[in-house]
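> predicted model and sequence follow; I will ask about them next.
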Amino acid sequence: MWSSGSPRADRRRTLTRTAAAALCLATAAALAGCASADTSTGSTPSASAFKPVTQKEGSQITVWADSTRLPSVEAYQKANPDVKMDIVTYDGGADGSTYLQSKVQLFDRTGSGWPDVVFGSPTDVTWASEPTTADAQPFAAPLDSDLVPQTTLDGFAKGSLTPCDFNDHTYCLRNDIAQVVLWYNKDLMDKWGYDVPTTWEQYEALGKQVAKDHPGYLVGSVGDTNSHESYFWSGQCPAFQLTDPDTLRTDLKDPNCTRMAGLLDGLIDAKAVTTKGFFSQGFAKDSGDKVLMAYGPSWYGQYLFKTAFETPAGQIAAAPPLKWEGATTTATGNVGGGVWMVSSHSANLEASTDLVTWLTTSDENQASAPTYPAYTKAAEAWLANPVNSDYFAGDVSGPFKEAAGEVWTGWSNTRFSDATAWSSVVLPALTAGKSLTSTLDAWQTEIGNEAKAEGYQVVDK
C-alpha cells in the first residue's frame, strides 16, 4: 500500500499493519486473463527502443513483493498453477529503503540474479528506468513497448502513470493512488449548522469560525511527514517540478506556495490547524475526537478515522477537493501508492507482464485491495465492495472518482524523497513556533541541496 518513495515511517508503521489485515479479507482470485507480451521488434520508436533477452516460454519467474501485496501474488499463483513462480518477500521500498536498488546494482555487476517482477515505490522507477552502469540496460522494461496494450494503459486514472513515465516510455503500472479529498465529521457539521466548504477561502473562514465557536476542534494538521503533499501539492506549489529529466524547478516564492502558506498560518494561529501530526504519539487519544475536518488522502477514512481515531461508523464523510475562488479547474495532491515493474532481463515477459497486469487491473484482486486502485474499472469494483463503503456517513464514490482524475502532475517524482526536507526543516520550525511562511526559504534551499546531491540542475523559475 505505502510505497511512494518517501520515508513516511510514522504513517507506514501504523498503516501497514491495518492494511495487511484488510487484505486478508480478500477472496481467492479467479483465473487471470493473458496480457499481450509480443516481444518482436516493432517499427515504432517505442518498440525498437527495447531489446528483450532470449525468451524461454514457461520458465520460472521470480517475484519480489512486500508483505501487504504477498497475498495477492499468492492468489494469482493459486489461480494459475501452471505458471512457475518463486515468490520472495521484501520491504517493497517502504520508509525510503534502497534495498532493491542496491541489489539491482549488484546483479548488474554479476550479470545475473534480477527478479522478473517487483513491487516498489515511484522513486524506484527513477533509477530503474535508467542504466545503473554504462554497459547495463535499465532494470525496468518499458511496458509500452509491445508488452501492455495501450488500451490498458489508457484505463488508468488520469495522471496516475505519470510517475512511471520517463524518456517517453512507461516503466511501471500503478498499483494504487491516494488522491486527496476533504474529510469531515458529518454529525458535527450538521449539529453545528456548518456548510461543507468547496473552496480554500471557505475552508479558511470555516476553520476560523470553528476556532471561535468550538475551541479545541480542528480542521486539519500540518504536522505529519506527508502534510505538504495534501496542502502544497493540492495548491499547485512548484516545490518539486521537473522541467526536464535532469532539471528540477523548486520555487517556493511562487504565489501558489505563499498563498497556501499564508492560509495555513492563519489557521495555525487560530488553533484550527494543528502542528502536531495526526499520526504522532498520543494524538489519537488526546485529540482524535476533536477533528472536525481533515484534508488528506483517500485512505484517511479507513486508516485515520476508523482505525487510529476509532470514530464510530456513520459519522465521517468525504467531499471533493477544494479549489481557489475564481479558479476554473481543481487540482489535488496524492499521498502514497505503489508500483509494479517488470524486469528488462526477464526471460518470460509474457508471464511477468500478465502478473503485473492482473495485480493492477483485475476486479478479482483490486476489489478487496486495502487502498484505492489506480485502474479506473478496478476502482469501480473497489467502491462497490461494502468493506470500502459501509463505514462512512455517505457515498464516497463521487469525491473519490473526481479526485482521482484531478491529481496535479506538476509535483514530480524525483530521485530523492519529497518528505525529507519537509521533515528536517519545516516540521522542527513549526514545533518551535515559527510560521510556515518564514520557513519557505529554508525549505527551498534544502530541496535544492538534496536535488543537487542527486545530480539535478536546480532552477527557481
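Thanks, I have the structure now. Numbering: from 1, shown residues only.

> contact partners for the residue of the chain most remote from its centre?
What lies farthest from the middle of the chain is residue 213; by C-alpha atoms, centre = their mean that is 35.6 Å. Contact analysis of residue 213 by C-beta atoms under 8 Å, 6 or more residues apart in numbering lists residue 192. C-beta here means a position set from N, CA and C on the backbone, and glycine is covered the same way.

> any idea which helix or strand carries residue 458?
strand 457-459 (DSSP states H and E).

> tell me the buried residues in that strand?
residue 458 (16 or more other C-beta atoms under 10 Å).

> again, but for stretch 196-213
Within stretch 196-213, the residues scored as buried using 16+ other C-beta under 10 Å are 196-198, 200, 203-204, 206-208, 210-211.

> which one among the residues you listed gets closest to residue 229?
Nearest to residue 229, judged by C-beta to C-beta, of those is residue 200 at 16.1 Å.

> measure residue 107 to residue 331 for me?
For residue 107, the distance to residue 331 (C-beta to C-beta, to the nearest Å) stands at 39 Å.

> and those two? Which one has more around it.
The neighbour comparison of residue 107 against residue 331 (other C-beta atoms under 10 Å) goes to residue 331, with 23 against 18.

> the more buried one reaches residue 234, doesn't it?
Yes. Between residue 331 and residue 234 there is a contact at 6.2 Å, judged by C-beta atoms under 8 Å.

> what residues do those two have in common as contacts?
With C-beta under 8 Å, 6+ apart as the test, residue 331 and residue 234 both reach 321, 408.

> rewinding a little: quick one: distance of the strand holding residue 458 to the chain centre.
25 Å (C-alpha atoms, centre = their mean, to the nearest Å).

> and it, what does it pack against?
Here strand 457-459 touches strand 247-249, helix 436-453, going by 3 or more C-beta pairs under 8 Å, 6 or more residues apart in numbering; DSSP states H and E.

> list the buried ones in the helix or strand following the first one?
By that I understand strand 247-249. Using DSSP H and E, the helix or strand that directly follows strand 247-249 along the chain is helix 255-269. The neighbour-count check on helix 255-269 (16+ other C-beta under 10 Å) flags 256-258, 260-261, 263-268 as buried.

> touching, residue 113 and residue 86? I think so.
No. Counting by C-beta under 8 Å, residue 113 stays clear of residue 86, with 11.9 Å between them.

> name the nearest residue to residue 188, ignoring sequence neighbours.
Counting by C-beta to C-beta, 6 or more residues apart in numbering, residue 292 is the residue found nearest to residue 188 once chain neighbours are left out, at 5.6 Å.

> is the one you found in contact with residue 184, as I believe?
Yes. Counting by C-beta under 8 Å, residue 292 does reach residue 184; the two are 6.5 Å apart.

> what about residue 145, distance to residue 250?
Taken as C-beta to C-beta, the span from residue 145 to residue 250 is 32 Å.

> residue 301 falls within a strand, correct?
No. With DSSP: H, G, I helix; E, B strand; the rest coil as the criterion, residue 301 is located in helix rather than a strand.

> what's near enough to touch it?
Contacts of residue 301 by C-beta under 8 Å, 6+ apart are 183, 316, 318, 391-392, 396.

> among these, which ones are in helices?
Secondary structure from DSSP state H places none of the contacts of residue 301 in helices.

> out of the residues you listed, which comes closest to residue 451?
Each of the contacts of residue 301 was scored against residue 451 by C-beta to C-beta, and residue 183 proved nearest at 32.2 Å.

> count of residues packed around the closest one?
Close neighbours of residue 183, defined as other C-beta under 10 Å, add up to 25.

> report the beta-bridge partner residues of it.
residue 294, residue 318 (DSSP bridges).

> pretty sure it is touching residue 320, no?
No. In this structure residue 183 lies outside contact range of residue 320 using C-beta under 8 Å: 11.5 Å.

> surely residue 425 meets residue 442?
Yes. At 5.1 Å, residue 425 and residue 442 qualify as touching, with contact defined as C-beta under 8 Å.

> more neighbours: those two, which one.
residue 425 (19 against 16).

> mind listing what that one touches?
439, 442-443, 446.

> switch to 6 Å and redo it
Contacts for residue 425 (C-beta atoms under 6 Å, 6 or more residues apart in numbering) come out as 442-443, 446.

> repeat for residue 372
Contact analysis of residue 372 by C-beta under 6 Å, 6+ apart lists 176-177, 298.

> next, the distance between the ends of stretch 123-136.
Start-to-end span of stretch 123-136 (C-alpha to C-alpha, to the nearest Å) is 20 Å.

> so how far is that stretch from its chain's centroid?
With C-alpha atoms, centre = their mean, you get 21 Å for stretch 123-136.

> quick one: contacts of that stretch?
Under C-beta under 6 Å, 6+ apart, the answer for stretch 123-136 is 5, 93, 100-101, 105, 108, 137-140, 164, 166, 171-172, 341, 415.

> now swap in stretch 448-461 and tell me
246-251, 415-416.

> CA-only coordinates of that stretch in CSV, if you can.
Extracted C-alpha coordinates of stretch 448-461, given in CSV (Å, rounded to 0.1, in the frame of the first residue of the first chain):
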residue,chain,number,x,y,z
GLY,A,448,17.8,22.3,-3.8
ASN,A,449,20.6,20.8,-1.9
GLU,A,450,19.1,17.4,-2.0
ALA,A,451,18.4,17.7,-5.7
LYS,A,452,21.9,18.8,-6.5
ALA,A,453,23.3,15.8,-4.5
GLU,A,454,21.3,13.6,-6.8
GLY,A,455,22.7,15.2,-9.9
TYR,A,456,19.8,17.6,-10.8
GLN,A,457,20.3,21.1,-12.1
VAL,A,458,18.1,23.3,-9.9
VAL,A,459,16.2,26.3,-11.1
ASP,A,460,13.7,28.5,-9.4
LYS,A,461,11.8,29.9,-12.4
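
> what comes up buried for it?
448, 450-451, 456, 458.

> which of those residues sits closest to residue 119?
residue 450 (25.1 Å).

> mind checking which helix or strand residue 368 is in?
With DSSP H and E as the test, residue 368 turns up in no helix or strand.
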